[in-house]
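Participant: sequence and predicted structure, then a few things I'm wondering about:
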Amino acid sequence: MIHGQHSIADFRETARRRLPRFVFDFIDGGSGTENTLAENRTALDRVRLVGSAPTDISSCSQSVSLFGQRYDRPIIIGPTGLAGAAWPCGDVDLARAASAHNIPFVMSTAATATMEAVAAAGNGAKWFQLYIFKDRAVSKRLVAKARDLGFGALEVTVDNAIPGRRLRDAKNGFSLPFRWSPAKLASLAAHPGWSLRTARAGPPRLEVMAAELGLEKADTIAELMQAQLDPSVDWEDIKWVRDAWDGPLVVKGMLDPGQVAKALEIGVDGLVISNHGGRQLDGAIATIDILPEFRAECGSRLTLLVDSGFRTGSDIARALCLGADAVQVGRATLYALACGGEESVSHALSILGSELNVAQMLMGARTVKDFDQSMVRCRLAPENPEPTATAAAAPRQSGHLSTAAENTHGALPYPAPQASRKREFQASSKTNSERII
């Protein structure tokens, strides 16, 4: 039952109260000092939205086409491992909620449900997120299975050559299977709802990886991944996946726009600009800051998705203005999942859709394609309010917003936008995002 959640922040607070600390911290935490986790939010807040009135917004649509399929919103539930720790059958509930809202759900290789169970959950689009294992035969079997079960697209995660140092997990002794210490047992007593649900359903298990790798236990999730994932993965491995998969292929975990040329050469269909939600490289750039450079590099030739830190419909509007075709959410729907399973996830998606609708109408964007860089201004960071000549020039060359003089009210400067590149990209008659599955 849903009680009082009116924002993703409300869902996070409810999840914090309802989950044992070691489970909440696994979902909520980042790597190292959690600097990237904080910067994702700070960077989004620097992007300010420009309202446009009067504009006829009596008829608005959030519909978007991705890889030739039409969806109701530019939102995707991205791959999140161990969802069953938040709620029993969590992956299935996420898939069902996505189906009800006609948006894609991306199943993680680290899911706590079988691929068959997720494929059968609702009639909506399911994509599969693939890790490339040291044993390539495992990855090959997963690709074949995804094809046989009707998964519509493949997302290959590439930013995990080494696991980030997730200190909250280390301090809490988070492991699979769960190992019970006096502190954890006390936490169970303090969270009877979660404890009873978990007791009835059984502890979460990485079903896909267990079936393929015969896993029994690991000290931490990071150690499990380090033991199984291959740090030698490069573009030749992506080419191998491209040859094995004839549907839309997306590479997830991109932060370097210089890699775009290689992705185009191999024939990738899309990229997910991602810092893994702040869970890998501590100190990494926020995805909203680097997103315009990716759009400038690829033009209309790639579908660009973005994740890491998106919590509101206004955040989604920011990404659409700066070149994203859609936004993947992860923690947002995990917080909701922990509050009540499928029903709560559905409510969270409705909130995001409503918030996006408010931003869309007040910004004068009748369709998702109407969002562009002219609708935002990017405030400079307080620690560097006056850009140098070099710093001012570099963003213009790489696709960022150009600089402008400080406003008359003494606030931090807001750069004026370049002439919108996005409309130029949309003029192309055929793009990868229109390719039919």
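Facilitator: Received, thanks.

Participant: so which residues of the stretch 301-437 of the chain form helices?
Facilitator: Along the stretch 301-437 of the chain, counting by DSSP state H, counting those that start in this stretch, helices occupy 313-321, 331-362, 389-398, 422-426.

Participant: ranking those helices by burial, who's on top?
Facilitator: Among the helices of the stretch 301-437 of the chain, ranked by average contacts under mean count of other C-beta atoms under 10 Å, first place goes to helix 313-321 (a mean of 26). (C-beta placed from N, C-alpha, C; glycine too.)

Participant: show me what that helix is packed against.
Facilitator: Contact partners of helix 313-321 among helices and strands, from 3 or more C-beta pairs under 8 Å, 6 or more residues apart in numbering; DSSP states H and E: strand 47-49, helix 287-298, strand 326-329, helix 331-362.

Participant: who's in contact with that helix?
Facilitator: 44, 47, 49, 74-75, 288, 291, 306, 309-310, 327, 351-360, 363, 365, 368, 371-373, 375-376 (C-beta atoms under 8 Å, 6 or more residues apart in numbering).

Participant: could you dump the helices and strands packed on helix 313-321 to TSV with mean pLDDT?
Facilitator: Shown next, in TSV, are these (pLDDT from 0 to 100):
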stretch	mean pLDDT
strand 47-49	98
helix 287-298	98
strand 326-329	98
helix 331-362	98
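
Participant: can you redo the ones you listed as TSV with distance to Ser181?
Facilitator: Converted to TSV, the helices and strands packed on helix 313-321 look like this (distance: least, C-beta to C-beta, whole Å):
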stretch	distance to Ser181
strand 47-49	43
helix 287-298	36
strand 326-329	32
helix 331-362	22
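
Participant: before we move on, back to that, for the helices of the stretch 301-437 of the chain, which one sits closest to Asn123?
Facilitator: Nearest to Asn123 among the helices of the stretch 301-437 of the chain is helix 331-362 (14.5 Å), distances taken as C-beta to C-beta.

Participant: compute the inter-axis angle for the closest one and helix 313-321.
Facilitator: 70 degrees (axes from the mean of the first three to the mean of the last three C-alpha atoms, to 10 degrees).

Participant: and helix 331-362, what does it pack onto?
Facilitator: Looks like helix 331-362 contacts helix 8-18, helix 21-28, strand 75-77, helix 90-100, helix 313-321 (3+ C-beta pairs under 8 Å, 6+ apart).

Participant: who touches the second one?
Facilitator: Residues external to helix 21-28 that are found in contact with it (C-beta under 8 Å, 6+ apart): 12, 15-16, 19, 82, 85-86, 166, 168-169, 172-174, 184, 187, 194, 221, 331, 334-335, 338.

Participant: buried ones among the residues you listed?
Facilitator: 12, 15, 19, 82, 85-86, 166, 168-169, 172, 174, 184, 187, 194, 221, 331, 334-335, 338 (16 or more other C-beta atoms under 10 Å).

Participant: closest one to Met209 among the helices and strands packed on helix 313-321?
Facilitator: So among the helices and strands packed on helix 313-321, helix 331-362 is nearest, using C-beta to C-beta, at 18.7 Å.

Participant: show me how far the closest one is from its chain's centre.
Facilitator: Taking C-alpha atoms, centre = their mean, to the nearest Å, the mean C-alpha location of helix 331-362 is offset from the chain mean by 14 Å.

Participant: please apply the same query to stretch 328-337.
Facilitator: 9 Å.

Participant: next one: stretch 129-147
Facilitator: 21 Å.

Participant: CA atoms only for it - export them in PDB, please.
Facilitator: Backbone C-alpha positions of stretch 129-147 (Å, rounded to 0.1, in the frame of the first residue of the first chain) are rendered in PDB as follows:
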ATOM      1  CA  GLN A 129      22.200  -6.200 -19.800                       C
ATOM      2  CA  LEU A 130      25.200  -8.400 -20.500                       C
ATOM      3  CA  TYR A 131      28.500  -8.700 -18.700                       C
ATOM      4  CA  ILE A 132      31.500 -10.100 -20.600                       C
ATOM      5  CA  PHE A 133      32.900 -12.900 -18.400                       C
ATOM      6  CA  LYS A 134      36.300 -14.400 -18.400                       C
ATOM      7  CA  ASP A 135      34.700 -17.500 -19.700                       C
ATOM      8  CA  ARG A 136      33.400 -16.200 -23.000                       C
ATOM      9  CA  ALA A 137      31.200 -19.300 -23.400                       C
ATOM     10  CA  VAL A 138      29.000 -18.000 -20.600                       C
ATOM     11  CA  SER A 139      28.400 -14.700 -22.300                       C
ATOM     12  CA  LYS A 140      27.800 -16.500 -25.600                       C
ATOM     13  CA  ARG A 141      25.100 -18.600 -23.900                       C
ATOM     14  CA  LEU A 142      23.500 -15.600 -22.400                       C
ATOM     15  CA  VAL A 143      23.300 -13.800 -25.700                       C
ATOM     16  CA  ALA A 144      21.700 -16.800 -27.300                       C
ATOM     17  CA  LYS A 145      19.200 -17.200 -24.400                       C
ATOM     18  CA  ALA A 146      18.300 -13.500 -24.600                       C
ATOM     19  CA  ARG A 147      17.500 -13.900 -28.300                       C
END
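
Participant: quick one: mean pLDDT for it?
Facilitator: Here stretch 129-147 scores 94 as its mean pLDDT.

Participant: among the helices of the stretch 301-437 of the chain, which is nearest Val106?
Facilitator: Taking the helices of the stretch 301-437 of the chain one by one with C-beta to C-beta, helix 331-362 is closest: 11.0 Å.

Participant: just the angle between that closest one and helix 8-18, please?
Facilitator: Taking the same axes, to 10 degrees, one finds helix 331-362 and helix 8-18 inclined to each other by 160 degrees.

Participant: doesn't Gly81 belong to a strand?
Facilitator: No - if the criterion is DSSP: H, G, I helix; E, B strand; the rest coil, then Gly81 is coil and not within a strand.

Participant: show me what contacts it?
Facilitator: Each residue near Gly81 by C-beta under 8 Å, 6+ apart is listed here: 108-111, 206, 221.

Participant: least confident of those residues?
Facilitator: Ile221 (60).

Participant: isn't Val118 right up against Gly124?
Facilitator: No - Val118 lies out of contact with Gly124 (C-beta atoms under 8 Å); the separation is 10.8 Å.

Participant: so which of these two has more stuff around it?
Facilitator: Neighbours around Val118 and Gly124, counted as other C-beta atoms under 10 Å, are more numerous at Val118. The numbers are 25 against 19.
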